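Asks: From the sequence below, what's the structure:
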Amino acid sequence: MKKILLFFTIAMVGWLAPVSGQDSNTDNHALRVKIPEVALVDIEPSGANSIELSAVAPTEAGNPLTFTATNNDLWLNYSSIVPDVATKRRKITVQLDETVPGIDVKLAVGAYTGTGLGNKGTGVVGPTTLSTTAQDAVTGIGSSYTENGANKGHRLTYTFDVATGNYGDIFALNHDVVVTYTITAAQ
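Replies: Residues are numbered from 1 along each chain as shown. Presented below is the predicted three-dimensional model:
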């Protein structure tokens, strides 16, 4: 009987002994998820690279030019992934490459429209008189996207008028001005 008991004890010790350097019932490995920083801006619809605002000549002597033209055909789209700090935000600025003598070119940036996701920005309602100095057009942009295309993002509405007291600076000419939108680094 002792022989059987000894054999049984040896079998139990072998079963309970840890196995060194072998697999266990859990394991793990590292996984890196890489998210790139993104800052893209676009004017839609594609191919609409110019718009026109025209003053109307008076039909009666003694009357001024009429500035009733408005253009709201363009939409501002953007995609943004901000760096690792969740409180960082971007903005989109706008500026002219040159001013039009005697004329104020004005811009109103509408509220966001569409079904994009994330922390979309707020358009500067305006109208704001544009200049050769960068001004805010959309502020508070976090990680977000507006969707691509017309009727998505922020509607851009352009108007113009005589600059206060500068009617004498107006002259008959087609003024070709470039309007530049820039999405800034996260701040």
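Asks: which intervals of this protein have sub-threshold pLDDT?
Replies: By pLDDT under 70, the weakly predicted segments of the chain are 1-21, 48.
Asks: Which residue would you name as the spatial centre of it?
Replies: Central residue of the chain (Cα atoms, centre = their mean): residue 78, 3.4 Å from the mean position.
Asks: Contact partners for it?
Replies: 40-42, 92, 121, 138, 141, 144-146, 153, 183 (Cβ atoms under 8 Å, 6 or more residues apart in numbering). To be clear about C-beta, it is placed using only N, CA and C from the backbone, and glycine gets the same treatment.
Asks: Let me see the contact set for the residue nearest to residue 39 when sequence neighbours are not counted.
Replies: Leaving aside its sequence neighbours, residue 39 sits nearest to residue 183 (Cβ to Cβ, 6 or more residues apart in numbering; 4.7 Å). The neighbours of residue 183, taking Cβ under 8 Å, 6+ apart as the test, are 39-41, 78, 80, 90-92, 141.
Asks: Of those, which is the nearest to residue 56?
Replies: residue 92 (31.8 Å; Cβ to Cβ).
Asks: Residue 101 contacts residue 171, correct?
Replies: Yes: the pair residue 101 and residue 171 passes the contact test of Cβ atoms under 8 Å, sitting 6.7 Å apart.
Asks: Please identify which of those two sits among more neighbours.
Replies: residue 101 (13 against 9; other Cβ atoms under 10 Å).
Asks: Flag every buried residue along stretch 163-178.
Replies: Under the neighbour-count criterion of 16 or more other Cβ atoms under 10 Å, stretch 163-178 has 163, 170 buried.
Asks: distance between that stretch and the chain's centre?
Replies: Distance of stretch 163-178 from its chain centroid, counting by Cα atoms, centre = their mean, to the nearest Å, is 31 Å.
Asks: What of stretch 98-109?
Replies: On the basis of Cα atoms, centre = their mean, stretch 98-109 is displaced by 23 Å from the centre of the chain it belongs to.
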